[in-house]
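Undergrad: With the input below, show me the fold.
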Amino acid sequence: MRILVLQDADWQQKGPHQQHHLMELLSKKGHDVIVVGFNQLWKNESRGIVSEQKIVSNISRFYMGSKVTYIQPAFVKIPLLDYVSFSFTARATIKYLVRRFRPDIVISFTSIITSYWGMKISQEENIPYIYYWTDVIHTLVPIKTLQPIARLIERETIKGSSKVMAINEALRDYTIAIGAKPEHTVVLPGGIDFDRFDPHIISSNTREKYQLSSEDFVLFFMGWIYEFSGLKEVIVGLSKESDVRLKLLVVGEGDYFHELQDLTQRLNLQERVIFTGWRPYEEIPHLIASADVCLLPAYNNDVMRDIVPIKLYEYLAMAKPVICTRLPGVMKEFGYDSGITYIDKPEDVISCIKQLSDSKILDLKKDAMTFIKDYNWDSIVSEFENLIKSVRA
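TA: Numbers count the residues shown, from 1 in each chain. Purely as a prediction, here's the structure:
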């Protein structure tokens, strides 16, 4: 099949997200995949008022043998005008690709601009269109005053979609609440590459690299760091805990990264809170292996309430107990026998840790492995492939 993928994010700088796994694995199976995206991290670029069009072929970021083509349309690098200009260039690019690439299906992931134009152009050209949700999309728009407009656009896009997919049940319920037809919605969960995420990985070298001893009890967080990630509260709680063997390993960067570094210095916790920055994906299993307990202490806000971060699957695949705030999407998807312990707020992380006995941790590890065993990427990609074929039919 020829698959045109759309997203309002840079394909190469962020992830892996659900779409990276699905599309690289479909590419490995012989499908032609072209992605149109937007560099929302343009402020990190060198000088210049215009971000020029970029075309990169044969991308295989996470799976050797995949050959994804990525196209980033040009846009103006001025706040607000970036979205406006990208809307015009994205529309033109999608229209061109639909006519030249002649995709069998168009799929958009967690986006507003490209999703809307993808839906409209697919309707014009009579091509099946799938709208795939991994987040509540309008809440991710950084300019708050634009979020109501984004909400209207996502509703309109849903109504024009051939099929609406969601990564978890809570998101499916949300899409139905804003207009998706229940019979046209389906859940396709995240998955795991069990060859890569092996719970038997030896972590001693990784611990040594980050000056963590075998006696340290290591809490672990990875991903994009927002203010609402809950790490500020965890670090403050750590500062009040006298046991210096309790440490926090943070993998990733993001909007609130430097604030957390400054807080760590002010609290004199540099030896107990370790920031690795971004690390290559092939290092992630080893980094998780170095942890005793993994964390998702996020605020229960509009962004996090209904979603399931894909890192939860990776934590559980590595047989790690997880402490997570009571996020409805996570609780509905994972329940109470999956290796996850729920807390009311991020301030409760340290007290929860202190209540975990060795036997309880062992039970949580067993629960994690039992729960995650069926979430294999191979079977999920095959299911996705069949869903695409059914939509085309």
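Undergrad: only C-alpha atoms for contact and neighbour calcs from this point on.
TA: Will do.
Undergrad: ok, Ile49 - how many residues close by?
TA: 11 (other Cα atoms under 10 Å).
Undergrad: contacting residues around it?
TA: If a contact means Cα atoms under 8 Å, 6 or more residues apart in numbering, then Ile49 has Val76, Lys77, Ile78 as its contacts.
Undergrad: which SS state does the last one fall under?
TA: Put simply, Ile78 is coil when judged by DSSP: H, G, I helix; E, B strand; the rest coil.
Undergrad: Which per-residue confidence value corresponds to the nearest residue to it once chain neighbours are set aside?
TA: Of all residues not flanking Ile78 in the chain, Ile49 sits nearest, at 7.1 Å (Cα to Cα, 6 or more residues apart in numbering). For Ile49, the pLDDT comes out at 93.
Undergrad: can you map out the helices along this structure?
TA: In the chain, the segments counted as helices under DSSP state H are 18-28, 81-100, 113-125, 147-159, 169-177, 204-209, 231-239, 257-266, 284-289, 311-317, 328-334, 349-354, 358-372, 377-392.
Undergrad: mind listing what's buried in the fifth one?
TA: This points to helix 169-177. Buried residues in helix 169-177, defined by neighbour count with 16 or more other Cα atoms under 10 Å: Glu169, Ala170, Leu171, Arg172, Asp173, Thr175, Ile176.
Undergrad: and if you look at the second one?
TA: Along helix 81-100, the positions that meet the burial threshold by neighbour count (16+ other Cα under 10 Å) are Asp82, Tyr83, Ser85, Phe86, Ser87, Thr89, Ala90, Arg91, Thr93, Ile94, Lys95, Val98.
Undergrad: show me the contacts for the residue lying closest to the fourth one once chain neighbours are set aside.
TA: Computed as Cα to Cα, 6+ apart, the closest residue to Phe86 that is not its neighbour in sequence is Phe75, at 5.0 Å. For Phe75, the set of contacting residues under the criterion of Cα under 8 Å, 6+ apart consists of Val50, Ser51, Glu52, Gln53, Asp82, Tyr83, Ser85, Phe86, Thr89.
Undergrad: With distance to Phe220 added, can I get these in CSV?
TA: What follows is those, written out as CSV (distance: Cα to Cα, whole Å):
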residue, distance to Phe220
Val50, 39
Ser51, 36
Glu52, 38
Gln53, 38
Asp82, 35
Tyr83, 35
Ser85, 40
Phe86, 37
Thr89, 41
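Undergrad: of the residues you listed, closest to Val35?
TA: Distance to Val35, by Cα to Cα, is smallest for Gln53 among those, at 13.2 Å.
Undergrad: that older thread, distance check, the residue nearest to Phe86 against Ser108.
TA: The spacing between Phe75 and Ser108, counted by Cα to Cα, to the nearest Å, is 20 Å.
Undergrad: what's the answer for Gly118, then?
TA: 7 Å.
Undergrad: between those two, which one's more packed in?
TA: Neighbour count, other Cα under 10 Å: between Gly118 and Ser108, Gly118 has more, with 30 against 27.
Undergrad: For the more buried one, report the pLDDT, please.
TA: Taking Gly118 on its own, its pLDDT is 98.
Undergrad: from memory it sits against Tyr96, does it?
TA: No - counting by Cα atoms under 8 Å, Gly118 does not reach Tyr96; the two are 11.5 Å apart.
Undergrad: what about stretch 190-199, start to end distance?
TA: 18 Å.
Undergrad: ok, back up a step: can you pull the residues that touch both of Gly118 and Ser108?
TA: Common neighbours of Gly118 and Ser108 (Cα under 8 Å, 6+ apart) are Leu6.
Undergrad: Could you break this structure into its assigned domains?
TA: Domain assignment for the chain, taken from automatic domain parsing, gives 2-191+377-392, 204-372.
Undergrad: Turn those into a markdown table, including distance to Asp198.
TA: A markdown table is the format used below for these (distance: least, Cα to Cα, whole Å):
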| stretch | distance to Asp198 |
| --- | --- |
| domain 2-191+377-392 | 14 |
| domain 204-372 | 6 |
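Undergrad: Nearest to Phe197, out of those domains?
TA: Per Cα to Cα, nearest to Phe197 of those: domain 204-372, 5.5 Å.
Undergrad: Farthest from the middle of this protein: give me that residue.
TA: Distance from the centre of the chain peaks at Ser242, with 34.2 Å (Cα atoms, centre = their mean).
Undergrad: What backbone torsions are found at that residue?
TA: Main-chain torsions, Ser242, degrees, to the nearest 10: phi -80, psi -20.
Undergrad: Renumber starting at 43 from here on
TA: Understood, numbering begins at 43; the last thing we discussed is Ser284.
Undergrad: Next one: it from Ile91, what distance?
TA: For Ser284, the distance to Ile91 - Cα to Cα - is 51 Å.
Undergrad: List the contacts of Leu406.
TA: Counting by Cα under 8 Å, 6+ apart, Leu406 has contacts Lys362, Pro363, Ser380, Gly381, Ile382.
Undergrad: if I pick the closest residue in space to Ile179 that isn't next to it in sequence, what's in contact with it?
TA: Closest residue to Ile179 apart from its sequence neighbours, by Cα to Cα, 6+ apart: Thr152 at 5.6 Å. By Cα under 8 Å, 6+ apart, the contact set of Thr152 is Gln49, Asp50, Tyr173, Tyr174, Trp175, Thr176, Asp177, Val178, Ile179.
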